[in-house]
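>>> Build me a model:
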Amino acid sequence: MKVSSVTILYNFDQDVINNIKTYDRYVDEVILIDNSDNEKYAKKFENVLSNYTYISMNGNKGIAKALNVGLEYSKKAGYEWVLTMDQDTYLDDDIVKKYKNIVTELNDEKIIILSPIYKFDRKKKIEFQGVRNVKYVMQSANLVNINNFYKVGIYKEDFFIDVVDYEYCLRANKNGYRVLSCGQVEVNHNPGITRVTKIFNIKYGYCSKYRIYYQARNLLWTFKNYKNFSILLILIYKLFKVLAFFDNKKEFLKFYFKGIKDCQEDKFGGLENE
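Residues are numbered from 1 along each chain as shown. Below is the predicted model of the structure:
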C-alpha cells in the first residue's frame, strides 16, 4: 500500500517546515505544492526531508488546483493513497499506519476518504471509538484513495479556496462512496487565527475579508447544489460571526454579500487584487 503526502504551501515559515518533518518518515514520498508568490522557498527543504518533490505553482492558483496537481503527480508515480496535508497541520504519531489498519479491517472498495479527529484550541475535541460515515470533512490529514478519487472527479478548481473539501465529500457521498471519520486517528490542526472576546472569553476563528468572500460564495453554491441543511447553517453562522465579533464590520459585510452576489451570477475563480 504505497502512500504519498501532498502538502499545500503558501508563503510559509520555519514552523511549517517543522510540521512537515513530523510526517515525512510515515509516507513513501512528500510532495510539496507551493502556491507562494515567488520561488524563494524552493531550496528550503534541501537536506531537511528524506524523500520529497517540490512543485511551484508560480503564484497562488488556489488550494483546489494545487491539490489536483499533487494528486495527479501521485497517480502517475504509482501511489494508491494520498495523505492530503495543510501546512498548519502536524502529527504526534504514525496516523498512516492507523489508516492502513482501518482500510485492511474494513476491506471496502467504496472507501474514498478517511479523516481524523482534529485537535485545536478553539473547539472541543469530539471523542468516539471506531469509524463513522460522514457527509463531509475538512481536507487536512485525510487519506484519499486515488482510484476512487478520479472516479468521482477532481477538486472544484473554480472555488479557488474554501469549501473545496466539503463540496468534494458531498459529491463523493452522492456517488455512493464512503467518507469516514476515524475516532482513533488524531492530528493537531491550527486553521486561521484564534481570537478571544473581551466579554465571556469566547474563542472564534478570524480570517481576512477575502476568505469571508470565498466562504460565502462557495457555501451558497454548495448548499444550492446539494441541499445539505448543515451547509446553510455554516453560511448563516459566518454572517453571525462577522456581526457579533469582527471589527470593521462594514468592510467584511461588503465582501460577504459580494460572495453571495457572485454565486448567484455564477462568477467564480480567484479575486483580482487580493
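>>> Touching stretch 212-230 from outside, list them.
135-136, 159-164, 166-167, 170-171, 174, 207, 231-232, 234-235, 238-239, 242, 252, 255-260, 262-264, 268, 271 (CB atoms under 8 Å, 6 or more residues apart in numbering). Placement of C-beta: from N, CA and C, glycine included.
>>> Flag every buried residue along that stretch.
212-223, 226, 228 (16 or more other CB atoms under 10 Å).
>>> Strands along the stretch 51-200 of the chain, start to end?
52-56, 81-86, 89-90, 111-119, 131-133, 142-145, 178-189, 193-196 (DSSP state E, counting those that start in this stretch).
>>> Rebuild those as a markdown table, extending it with distance to residue 23, mean neighbour count and mean pLDDT.
Formatted as a markdown table, the strands of the stretch 51-200 of the chain follow (distance: least, CB to CB, whole Å; neighbours: other CB atoms under 10 Å; pLDDT from 0 to 100):
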| stretch | distance to residue 23 | mean neighbour count | mean pLDDT |
| --- | --- | --- | --- |
| strand 52-56 | 11 | 17 | 94 |
| strand 81-86 | 7 | 25 | 97 |
| strand 89-90 | 7 | 22 | 92 |
| strand 111-119 | 12 | 22 | 95 |
| strand 131-133 | 21 | 14 | 97 |
| strand 142-145 | 12 | 24 | 98 |
| strand 178-189 | 9 | 20 | 94 |
| strand 193-196 | 23 | 13 | 76 |
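>>> Which among those strands is found nearest to residue 3?
strand 81-86 (4.7 Å; CB to CB).
>>> mind saving the C-alpha coords of stretch 231-251 as CSV?
Presented in CSV, the C-alpha positions along stretch 231-251 are these (Å, rounded to 0.1, in the frame of the first residue of the first chain):
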residue,chain,number,x,y,z
ILE,A,231,-24.0,23.8,4.9
LEU,A,232,-26.7,26.5,5.1
LEU,A,233,-26.2,26.8,8.8
ILE,A,234,-22.5,27.3,8.3
LEU,A,235,-23.2,30.1,5.8
ILE,A,236,-25.5,31.8,8.3
TYR,A,237,-23.0,31.3,11.1
LYS,A,238,-20.3,33.1,9.1
LEU,A,239,-22.6,36.1,8.8
PHE,A,240,-23.4,36.0,12.5
LYS,A,241,-19.7,35.8,13.4
VAL,A,242,-18.9,38.9,11.4
LEU,A,243,-21.8,40.8,13.0
ALA,A,244,-21.0,39.7,16.5
PHE,A,245,-17.2,39.6,16.7
PHE,A,246,-15.4,41.3,13.8
ASP,A,247,-14.1,44.8,13.7
ASN,A,248,-14.7,46.9,10.6
LYS,A,249,-18.0,45.0,10.1
LYS,A,250,-19.0,47.2,7.1
GLU,A,251,-16.0,46.0,5.0
